[in-house]
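Trainee: model this:
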Amino acid sequence: MTEFRCIGAGCCGTVWTSPSEPSTAYKREDGPQRRSILNDFTMHKHLQIVLDSTQLPHRFRIPECHRLISSSDPWWDANSHRFPAGCIPSSAIQAQRIPPMSQPVRDMLVDRYCAAPLRDEIKRSWENLDCLIRPYLGRRRFLNADGRPRAKIFFSLRNLPLHLDQMEELGESLDDIKIYAETMAEALAVMHWRTGIDGNDVEFVLASPPSHGESVVTNVLGAHAVWVLDFDLCRAMPMNEQGVQQTVTAFYRNDPYFPRLRSSPLLWEVFREQSLRCSEMGNAAEIDRRVLHSGLFVRAIEEREATRESY
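Mentor: As a prediction, this is how the structure comes out:
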């Protein structure tokens, strides 16, 4: 077994893989804020069970969550030496690795958005092999007085933000962008009304599809799927108006993945309609409750948008 290589880091922990297990990722609980890997695993597994047991049609992907490894698990005796010196045993999740974007796509993004003096270095660096894209349908880039995007002194392909105006600039069709909006709506609807979790601070990324799966979209970014990950801040929610308010709060606490009514009314309408449509799917015995709560969810967001300042 080969040594582990870090492919990501966040508030909850670091993520590792190795050439001998290229389709597997290990997420360690060693983040600066000490968020709970146990909660991440519990919420992730709950969603996975719902998707597997109900066979709900959906286009979003979640990594297959294999197992929770405790800090005292014998796994560490066999594998701790594969981490860099100083890494001590901790709680960890073993899961499917999200396949990164292909090299042609990575090179295109570097050529388009990275400062020229840094491009060769970025293309050669190991860490930029791990390219996942955050689709920000709810935000356009901030512009200078001359109408140009603000210059960035740092560039990384890891969790690369791709704003709505950049998707348009790259030539992604409106139909493709609508698919992103619909897929995000599906994911939230399944989390909220079928799984009973608020979706707080989950991440949405565009990445390659699994080798055995189909892509959602094929365009200038190659064949790719919408993946959902990082469930450590998700919480269970009651199926009542209090729970609806919890989902609205989570909607605004998240990164600007979701379209906004005022800045992208067309995409918001796509998101809204798909949210309502998804509430009608599945178990007929609970359809009235799901339709009611889904309607309250979108109306609460629209009411809040009506009072927000322009952005």
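
Trainee: the strands in the stretch 1-150 of the chain, which residues?
Mentor: For the stretch 1-150 of the chain, the strands defined by DSSP state E, counting those that start in this stretch occupy 5-9, 14-18, 21-28, 65-69, 92-96, 133-136.

Trainee: nearest to residue 236, out of those strands?
Mentor: strand 65-69 (17.2 Å; C-beta to C-beta). In short, each C-beta sits where N, CA and C put it, glycine included.

Trainee: so the residue nearest the centre of the chain, which of the three states?
Mentor: Closest to where the C-alpha atoms of the chain average out (C-alpha atoms, centre = their mean) is residue 204, at 1.9 Å. At residue 204 the chain is in strand, as set by DSSP: H, G, I helix; E, B strand; the rest coil.

Trainee: shouldn't it be in contact with residue 225?
Mentor: No. Here residue 204 lies out of contact with residue 225, judged by C-beta atoms under 8 Å, at a distance of 10.8 Å.

Trainee: okay if I get the strands of the stretch 1-150 of the chain as CSV plus distance to residue 304?
Mentor: Converted to CSV, the strands of the stretch 1-150 of the chain look like this (distance: least, C-beta to C-beta, whole Å):
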stretch, distance to residue 304
strand 5-9, 32
strand 14-18, 34
strand 21-28, 33
strand 65-69, 33
strand 92-96, 34
strand 133-136, 19
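
Trainee: which of those sits closest to residue 211?
Mentor: Nearest of those (C-beta to C-beta): strand 21-28, 7.8 Å.

Trainee: may I have the strands that pair with that closest one, each with its orientation?
Mentor: strand 14-18 (antiparallel), strand 92-96 (antiparallel) (DSSP bridges).

Trainee: in CSV, list these along with mean neighbour count.
Mentor: Formatted as CSV, these follow (neighbours: other C-beta atoms under 10 Å):
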stretch, mean neighbour count
strand 14-18, 21
strand 92-96, 22
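
Trainee: compare those strands and give me the one nearest residue 40.
Mentor: strand 92-96 (6.4 Å).

Trainee: what angle sits between the closest one and strand 65-69?
Mentor: Using axes from the mean of the first three to the mean of the last three C-alpha atoms, to 10 degrees, the direction of strand 92-96 lies 160 degrees away from that of strand 65-69.

Trainee: quick one: strand 92-96 to chain centroid distance?
Mentor: 16 Å (C-alpha atoms, centre = their mean, to the nearest Å).

Trainee: C-alpha coordinates for that strand, CSV please?
Mentor: Output of strand 92-96 as CSV, limited to C-alpha atoms (Å, rounded to 0.1, in the frame of the first residue of the first chain):
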residue,chain,number,x,y,z
ALA,A,92,-12.1,9.2,10.0
ILE,A,93,-14.6,8.4,7.2
GLN,A,94,-13.8,6.0,4.4
ALA,A,95,-15.7,6.9,1.3
GLN,A,96,-15.8,7.0,-2.4
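
Trainee: all helices for this structure, in order.
Mentor: 37-54, 75-79, 103-113, 119-124, 164-169, 174-189, 241-253, 265-279, 287-307 (DSSP state H).

Trainee: quick check: mean pLDDT across the fourth one?
Mentor: When pLDDT is averaged along helix 119-124, the result is 95.

Trainee: helices or strands up against that helix?
Mentor: helix 103-113 (3 or more C-beta pairs under 8 Å, 6 or more residues apart in numbering; DSSP states H and E).

Trainee: so who does the nearest residue to the residue nearest to the centre of the chain once chain neighbours are set aside touch?
Mentor: Nearest residue to residue 204 in three dimensions, chain neighbours excluded: residue 257, at 4.7 Å (C-beta to C-beta, 6 or more residues apart in numbering). Contact analysis of residue 257 by C-beta atoms under 8 Å, 6 or more residues apart in numbering lists 134-138, 184, 204.

Trainee: what pLDDT does residue 257 get?
Mentor: 98.

Trainee: residue 141 versus residue 153, what's the distance?
Mentor: Distance, residue 153 to residue 141, using C-beta to C-beta, to the nearest Å: 15 Å.

Trainee: taking the chain centroid, which residue in this structure is the extreme one?
Mentor: residue 146 (32.8 Å).

Trainee: give me the low-pLDDT residue ranges for this structure?
Mentor: 32-34, 145, 147, 150-151, 309-311 (pLDDT under 70).
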